[in-house]
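Trainee: Got a sequence here, can you build the structure:
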Amino acid sequence: MRLLLAIDGSKESEAATHSVIAQCKPQETQVKVLNVVDLAIPIPTSDAAGFREESLRHGQELVHHAEEELKRAGYAVQTAVEEGDPKSKILDQAARWNAELIVMGSHGRKGLDRFLMGSVAEGVARNAPCSVEIVRVH
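Mentor: Residues are numbered from 1 along each chain as shown. Here you go, the predicted structure:
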C-alpha cells in the first residue's frame, strides 16, 4: 500500500505517525511523509527570506524525525517538504504519488476557529483521490 502521511509537528501528527505504525504492516506499506510549509500570511519583518528558510528547515526536521521513527519500525519511507496551501499540496502529492491512503491528524477546531482557520483535514477528506484516515487526540 502507498500511504501518504501528512504531518505538521503537532501532537495530532505524532498520533497519526503512531497510528500508521500500529495499523499497517511494514512489509506491505510504502510511506511518504509530507510536511507543507504555509507561508501565505505576509511576514511583517525585514527578514522574510530568513523566516522562509527557517520554516523550510523546520519542515525538513519534522519529516526526518518521522522518517527515522518509521524506518526503525521497518517501513520503506520517502519524504517531501513543500511550500504552499496545505490542503492543495496534500491533495496534489497524493494524486501524483498514487497514494492509496492519506493519514493525518486533526486539530479538532470548532466554531469560529474552524471558520477562520478552515479545516485542512476536512478539505482533504472531501477532495482526496483515495481514502483518508483522520487521527484525533482526546
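Trainee: Any stretches of this protein with poor pLDDT?
Mentor: 40-48, 108-118 (pLDDT under 70).
Trainee: next one: phi and psi at residue 69?
Mentor: phi -60, psi -40 (degrees, to the nearest 10).
Trainee: now for the helix or strand harbouring residue 66, which elements pack on it?
Mentor: Assessed by DSSP states H and E, residue 66 sits inside helix 48-72. Helices and strands touching helix 48-72, by 3 or more CB pairs under 8 Å, 6 or more residues apart in numbering; DSSP states H and E, are strand 2-7, helix 11-23, strand 30-37, strand 76-83. In short, each C-beta sits where N, CA and C put it, glycine included.
Trainee: Make a markdown table out of the ones you listed and add distance to residue 138.
Mentor: Listed next are these as a markdown table, based on distance: least, CB to CB, whole Å:
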| stretch | distance to residue 138 |
| --- | --- |
| strand 2-7 | 19 |
| helix 11-23 | 10 |
| strand 30-37 | 24 |
| strand 76-83 | 28 |
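Trainee: I'd like to know which of these lies nearest to residue 99.
Mentor: strand 2-7 (4.0 Å; CB to CB).
Trainee: Need the nearest residue in space to residue 32, chain neighbours excluded.
Mentor: residue 78 (4.6 Å; CB to CB, 6 or more residues apart in numbering).
Trainee: Repeat that for residue 79.
Mentor: Using CB to CB, 6+ apart, the nearest residue to residue 79 is residue 63, at 4.1 Å.
Trainee: so the one you found touches residue 33, yeah?
Mentor: Yes: here residue 63 reaches residue 33: they are 4.7 Å apart, a contact under CB atoms under 8 Å.
Trainee: Between the two, tell me which one has more neighbours.
Mentor: residue 33 (26 against 21; other CB atoms under 10 Å).
Trainee: any idea how far residue 34 lies from residue 121?
Mentor: Distance of residue 34 to residue 121, given as CB to CB, to the nearest Å: 14 Å.
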